[in-house]
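Q: Dropping a prediction and its sequence here:
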Amino acid sequence: MNYPTTIANLIECYKKLPGIGGKTAERLALATLNLPDEITDVFSDSIKNVKNNTKRCQRCNSFCENDLCDICKDKTRDESVICVVEDPKNVILFEKVGVFKGVYHVLNGLISPLDGVSPDDINIDALLKRIKDENIKEVIIAVKPTIEGETTALYISKLLEKEPVMVSTIAHGIPLGSEMEYMDSLTLEIAIQERKKISDKQ
């Protein structure tokens, strides 16, 4: 016996989410069916709102609902230090750790020639403009320790050789090839505190 079309469609929707297979999608769909109406209404509205109201910060390129994210609007942050990360998820990771008090810059990817991703495909030009315009003293490159991450870090450091900024990378107590989102808080805290200089212009 097949599920009614409405349930089958919901199962297919859940299967489109990362890490959700057929069995899990089926359980989630049936659980959704049993939720109170007020919960499913909030669920439905939240999905619509996240698509309609979420945008990218005009300064750092992280997630926000206005022109600037809360971090970029926070005048207590050290705006002379930029932590460069691959995607907005990494901003959330470092903020949960709570050890970094500077600002961020989201690249939206890493250089990967094998995947056809060149420096022009990620948010490097905006980073260079910020360094020239915002009196930046240090750039911390906090990307995952993979070939793509190392390639991106090296490329950025080369671009900044003539700029009056110190360039550093997070310490690699982080295992080679690992994803940032799977790192525990202590590992990330040590990585940012024990960062290594690539160039020293200060």
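A: Noted; the coordinates are in hand.

Q: Between the two ends of stretch 16-24, what distance do you get?
A: Length of stretch 16-24, first residue to last, CA to CA, to the nearest Å: 11 Å.

Q: Against residue 36, how distant is residue 167?
A: Relative to residue 36, residue 167 is positioned 53 Å away (criterion: CB to CB, to the nearest Å). The way it works is simple: take the backbone N, C-alpha and C, and place the C-beta from them, glycine included.

Q: what residue ranges in the protein score low on pLDDT?
A: Applying pLDDT under 70 to the chain picks out residues 1, 171-202.

Q: Give me the next element, helix or strand, following the helix ranked longest in the chain.
A: For the chain, the helix with the greatest residue count under DSSP state H is helix 37-53. As assigned by DSSP states H and E, the chain's next helix or strand after helix 37-53 is strand 55-56.

Q: who does that next one pair up with?
A: Applying DSSP bridges to the sheet, strand 55-56 is found paired with strand 63-64 (antiparallel).

Q: Show me what the partner strand is in contact with.
A: For strand 63-64, the surrounding residues in contact (CB atoms under 8 Å, 6 or more residues apart in numbering) are 54, 55, 56, 57, 69, 70, 88, 91.

Q: out of residue 167 and residue 36, which sits in the more crowded spot?
A: Neighbour tally, residue 167 and residue 36, criterion other CB atoms under 10 Å: the higher count belongs to residue 167, 23 against 8.

Q: which residues does that one bridge with?
A: Applying DSSP bridges to residue 167 yields these beta-bridge partners: residue 139, residue 199.

Q: I figured it hits residue 156, correct?
A: Yes - using CB atoms under 8 Å, residue 167 is in contact with residue 156, at 7.3 Å.

Q: okay, and the common contacts of those two?
A: Common contacts of residue 167 and residue 156 (CB under 8 Å, 6+ apart): 139, 141.

Q: nearest spatial neighbour of residue 134, skipping sequence neighbours?
A: residue 79 (6.5 Å; CB to CB, 6 or more residues apart in numbering).

Q: Please apply the same query to residue 132.
A: Here the residue nearest residue 132, using CB to CB, 6+ apart, is residue 163, at 7.6 Å.

Q: In a helix, the one you found, correct?
A: No - under DSSP: H, G, I helix; E, B strand; the rest coil, residue 163 sits outside any helix and is assigned coil.
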